[in-house]
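Colleague: what shape does this take:
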Amino acid sequence: GLIRSIARELARLHAELPRCFPDPGGTEPGTPAVLRSALEQNFAQLQRYPLAQREQEQLESVEQWARVQYDALLQTMQQRVRDGKVVDGHGDNHLGNMAIIDGAVRLFDCIEFNADFRILDSIAEVALLDMDINARGHPAESYRLLSDYLEYRGDFAGLALLDLYRVYFALVRAKVKLLQHPPDHPDIAHTDAYGELCRYLGMAHRYCQPRRGFLAITCGLSGSGKSTVAARLVEASGAIRLRSDVERKRLFGLAPEQHSRPDDAATLYSSDMSRRTFQRLAELAEVILDAGFPVIVDATFLHRRVRDDFRQLATRLDVPFAIIHCVADAPTLRDRLLRRAATGGDASEADIEVLAQQMEKMQPLTQAEMERAVAVDSGSAADELWAGLQPLLMQP
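Modeller: The predicted structure follows:
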């Protein structure tokens, strides 16, 4: 819950902060040139120190990767400047600069004194916080933060830049630690600062490594635990979750947890809107996979044709495909929907009537689909769910 509230607050701020529109090819704050200069400064300052062979090789590998990535992503970064993705933001939004006030997460101590640090692509602020949570030993929470932020903000295209910014911020931490001592320190390798350098440089090096992509879809009736299972798999695998309930509302102009009006139900849940929603989910899944991240699409997937569309998408993109089949008996389904309606706070608006309609329309998995499916229960722990899914992702 705390991670989700942080993601919600960061997404809210990024939606409300002033947009900056510098010349994409210039050197003003918020331009790609500022990032390149900062990266080069990091490498130059770290190279002044007598690093051990392992750290020297890691640094050289990270530098080569960063230069290649910067060149490959330059046009993307410039287009995001034009699209208003650069904000006059916080600039230092790690956990140490957050507090819970009256039950809500609030950020403080922004870098108001340095525009180069404060004015940046909004996805950079997510990268910093993600890196900070990872550095504190909470990878599952960092995965959840990223997926939840994207759910609220919808900026899936920003994923393409995430690793480059994570590398940059990890190098900043490494550099700041090492700068506690002069380069000619007689025993630099045995200082605490050098140990921290090794830790953050190791993180930067890991961010440079390719991930194993996959496309998984859930399948099950409302109340079967699809969203719970998908969220736990996000924490275990680092995948990005796409929710049909959220993207359907986004297409309609609603926020994830904003309830629709009764008069809108006929349009919001029409066959045409369902078609548009699944088309949008497929488009976003491709964006996420192209950015190098695995994806879990959280939807009922009642119809075989729609399931087959996503299997074909996985085949076209050459990534493993799996079906997460969520099952629960009818009394459990009804009880969960009644409890969810009573408590609120969820993107799904499915009720008992919707469940009855789904039961009539649900097309069971074929034998071929069963070979790509794993049956799960929402009561299972994240590591158990992930262990059950991985064998399918190892198959071609």
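
Colleague: name the residues that touch stretch 129-148?
Modeller: Around stretch 129-148, the neighbours that count as contacts under CB atoms under 8 Å, 6 or more residues apart in numbering are 3-4, 6-8, 10, 93-95, 126, 162, 166, 169-170, 173, 199-200, 203, 231, 234-241, 382. The C-beta positions use only the backbone N, C-alpha and C, and glycine is treated the same way.

Colleague: can you give me the first-to-last residue distance of that stretch?
Modeller: Terminal residues of stretch 129-148 lie 13 Å apart, using CA to CA, to the nearest Å.

Colleague: now that stretch: buried residues?
Modeller: Buried residues in stretch 129-148, counted by 16 or more other CB atoms under 10 Å: 129-135, 138, 140-148.

Colleague: try stretch 195-203
Modeller: Across stretch 195-203, burial judged by 16+ other CB under 10 Å covers 196-198, 200-203.

Colleague: can you pull out the helices in the stretch 151-300 of the chain?
Modeller: Listed in chain order, the helices of the stretch 151-300 of the chain (DSSP state H, counting those that start in this stretch) span 159-178, 192-207, 226-237, 244-252, 265-268, 271-290.

Colleague: export the fifth one to PDB, keeping only CA atoms.
Modeller: Presented in PDB, the C-alpha positions along helix 265-268 are these (Å, rounded to 0.1, in the frame of the first residue of the first chain):
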ATOM      1  CA  ALA A 265     -21.900   2.000 -18.400                       C
ATOM      2  CA  ALA A 266     -23.500   1.100 -21.800                       C
ATOM      3  CA  THR A 267     -20.700   2.900 -23.600                       C
ATOM      4  CA  LEU A 268     -17.800   2.100 -21.300                       C
END
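
Colleague: about what we covered before: now the helices of the stretch 151-300 of the chain in a markdown table, with mean pLDDT and distance to Asp298?
Modeller: Putting these into a markdown table (pLDDT from 0 to 100; distance: least, CB to CB, whole Å) gives the following:
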| stretch | mean pLDDT | distance to Asp298 |
| --- | --- | --- |
| helix 159-178 | 97 | 17 |
| helix 192-207 | 97 | 26 |
| helix 226-237 | 96 | 4 |
| helix 244-252 | 94 | 7 |
| helix 265-268 | 85 | 18 |
| helix 271-290 | 96 | 9 |
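
Colleague: for the residue lying closest to Leu317 once chain neighbours are set aside, what are its contacts?
Modeller: Using CB to CB, 6 or more residues apart in numbering and skipping the chain neighbours, the partner closest in space to Leu317 is Leu289 (5.4 Å). Taking CB under 8 Å, 6+ apart, we find Leu289 in contact with 213, 215, 295, 317, 319.

Colleague: isn't the second one right up against Ala314?
Modeller: I take that to be Leu215. Yes: with contact defined as CB atoms under 8 Å, Leu215 and Ala314 form a contacting pair (4.2 Å).

Colleague: what's the distance between stretch 179-191 and the middle of its chain?
Modeller: The chain centroid and the centroid of stretch 179-191 are separated by 37 Å under CA atoms, centre = their mean, to the nearest Å.

Colleague: run a quick neighbour tally on Glu371.
Modeller: Here the number of neighbours of Glu371 (other CB atoms under 10 Å) works out to 11.

Colleague: same check, this time on Gln79
Modeller: Number of residues near Gln79 (other CB under 10 Å) recorded here: 12.

Colleague: do Arg4 as well
Modeller: By other CB under 10 Å, the residues close to Arg4 number 17.

Colleague: sorry, back to before: can you list the helices of the stretch 151-300 of the chain in a markdown table and add distance to Gly26?
Modeller: Converted to a markdown table, these look like this (distance: least, CB to CB, whole Å):
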| stretch | distance to Gly26 |
| --- | --- |
| helix 159-178 | 19 |
| helix 192-207 | 27 |
| helix 226-237 | 38 |
| helix 244-252 | 33 |
| helix 265-268 | 43 |
| helix 271-290 | 28 |
